[in-house]
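Trainee: The amino acid sequence is not available; the structure is as follows:
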């Protein structure tokens, strides 16, 4: 089955620094990747949709200058949290979708997540 | 994002019983529906998806869809302690819109 990896699995950083999270599709080409954030005991909230070779589309209320997304290849998308603050501490999860010509299910394959703690 | 409502639970069922999870959605035009299971501290994993009205069975899981009522459910038969998790209903119209999730506890 389709596998999506994330790196790192957890990271601790100091307030004011930037953190980059990588999301890779290991055995398929993902034209579209999605970035979610999940706070404790809450559901997943979509942050942005990332299409290879184009700018990401951010959901309402998500600061595009704070959460930089780059989808430079069909297998890699990155999320950079800039000038991180303690309120950015969360579980960040990416997902990837195969091109619709390969599947009709619009199924998304989730990465294992990255737990970010900002001190 | 589209609205997806779930009973927040928690839902506690004895081992071997049937766990019934419900979900409603706001957009009558939604076409595909997914159930994910999420263990604490882990990312969601897909259990089932359903597109057509009626029932779809996969092992101990049965998804039911009623588009007229904008309602989708998940039944877990012969519940096991390993089924204890949060179950997320999602509407997938290119982007996934998740419900808040229902936490299920299976008592041994």
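Mentor: Perfect, thanks for sending it. Just so it is clear, the structure is predicted and the values come from calculations on it, not from any experiment.
Trainee: residues near residue B:10, how many?
Mentor: Applying other CB atoms under 10 Å in any protein chain shown, we find 11 residues neighbouring residue B:10. Placement of C-beta: from N, CA and C, glycine included.
Trainee: Setting aside sequence neighbours, what's the nearest residue to it?
Mentor: Closest residue to residue B:10 apart from its sequence neighbours, by CB to CB, 6 or more residues apart in numbering or on different chains: residue B:103 at 4.3 Å.
Trainee: contacting residues for residue 34?
Mentor: With no chain named, the answer covers chain A. A:46, A:48-50, A:94-97, A:108, B:95-96 (CB atoms under 8 Å, 6 or more residues apart in numbering or on different chains).
Trainee: To clarify, I was referring to chain B.
Mentor: So residue B:34 contacts A:107, B:46, B:48-49, B:89-92, B:96 (CB under 8 Å, 6+ apart).
Trainee: Quick check: residues of chain B near chain A?
Mentor: Proximity of chain B to chain A, by CB under 8 Å from any CB of the partner chain, involves residues B:1, B:32, B:34, B:41-46, B:49, B:88, B:92-101.
Trainee: what kind of secondary structure is residue B:82 in?
Mentor: Residue B:82 falls in the helix class when you classify it by DSSP: H, G, I helix; E, B strand; the rest coil.
Trainee: Now residue A:42. Its backbone dihedrals?
Mentor: Main-chain dihedrals, residue A:42, degrees, to the nearest 10: phi -120, psi 170.
Trainee: So it is in contact with residue B:99, correct?
Mentor: No: between residue A:42 and residue B:99 there is no contact, the gap being 11.3 Å when judged by CB atoms under 8 Å.
Trainee: Those two: who's more crowded?
Mentor: residue B:99 (26 against 13).
Trainee: I figured the more buried one hits residue A:43, correct?
Mentor: Yes: here residue B:99 reaches residue A:43: they are 6.5 Å apart, a contact under CB under 8 Å.
Trainee: so what sits against both of these two?
Mentor: Shared contacts of residue B:99 and residue A:43, defined by CB under 8 Å, 6+ apart, comprise residue B:88.
Trainee: Strands of the chain, start to end?
Mentor: Went with chain A since none was named. Secondary structure of chain A, counting by DSSP state E: strands at A:4-7, A:10-13, A:19-25, A:32-38, A:45-51, A:57-58, A:67-73, A:76-81, A:90-97, A:108-110, A:114-118.
Trainee: Oops, wrong one, chain B.
Mentor: B:4-6, B:11-14, B:19-25, B:33-38, B:45-50, B:54-58, B:61-66, B:71-76, B:85-93, B:95-98, B:102-107.
Trainee: ranking those strands by mean pLDDT, which is last?
Mentor: In terms of average pLDDT, strand B:95-98 trails the rest of these, at a mean of 88.
Trainee: Any residues of chain A in contact with chain B? List them.
Mentor: A:34, A:42-46, A:49, A:59, A:91, A:93, A:95, A:105-108, A:110-113, A:115.
Trainee: Give the buried subset of those as a ChimeraX selection command.
Mentor: To isolate the buried members of these in ChimeraX, using 16 or more other CB atoms under 10 Å in any protein chain shown:
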select /A:34,43,44,45,46,49,91,93,95,106,107,108,110,111,113,115
